[in-house]
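A.B. asks: Okay, here's the prediction I keep looking at, along with the sequence it came from:
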Amino acid sequence: MAQTVNLTKIGSRVKIDLEKVKDRISGNLIDKLSTDPRATVTDYKMTDGGGVGLVVTLTDGTKNWFFDNEIGRS
């Protein structure tokens, strides 16, 4: 039977949990998230493992993707 996934809705305001992502992102992105971790969910991304990531737009307009467990609700 298919498994149901509860995804954060597109348009939701979220905060990126820097502690959960800092080991896999660039120094530039760490600096941006340290200053302002807020973002808006704009799309979904299929990951290699068959999971779903969330594409977010940061307050400076840049887009990145994160796993759902790396994001907190604002």
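C.D. replies: That came in fine, so what should we check first? Numbering: from 1, shown residues only.

A.B. asks: Does residue 59 touch residue 39 like I think?
C.D. replies: Yes - using C-beta atoms under 8 Å, residue 59 is in contact with residue 39, at 7.1 Å. From N, CA and C alone the C-beta is placed, and that goes for glycine too.

A.B. asks: which element is the residue nearest to the spatial centre of the chain on?
C.D. replies: The centre of the chain sits closest to residue 66, judged by C-alpha atoms, centre = their mean, with a distance of 3.4 Å. Assigned by DSSP states H and E, residue 66 belongs to strand 63-67.

A.B. asks: Tell me where the chain has strands.
C.D. replies: 13-16, 38-46, 52-58, 63-67, 71-73 (DSSP state E).

A.B. asks: Would you mind telling me which of these is nearest residue 24?
C.D. replies: strand 63-67 (9.5 Å; C-beta to C-beta).

A.B. asks: For the closest one, which strands pair with it and how are they oriented?
C.D. replies: strand 52-58 (antiparallel) (DSSP bridges).

A.B. asks: quick one: the strand it pairs with to strand 38-46, angle?
C.D. replies: Angle, strand 52-58 to strand 38-46, by axes from the mean of the first three to the mean of the last three C-alpha atoms, to 10 degrees: 150 degrees.

A.B. asks: Show me what strand 52-58 is in contact with.
C.D. replies: For strand 52-58, contacts defined as C-beta atoms under 8 Å, 6 or more residues apart in numbering pick out 5, 7-8, 14, 16, 32-33, 36, 38-47, 63-68, 71.

A.B. asks: which of those are buried?
C.D. replies: Using 16 or more other C-beta atoms under 10 Å as the burial test, those include 8, 14, 16, 32-33, 39-41, 44, 64, 66, 68, 71 as buried.
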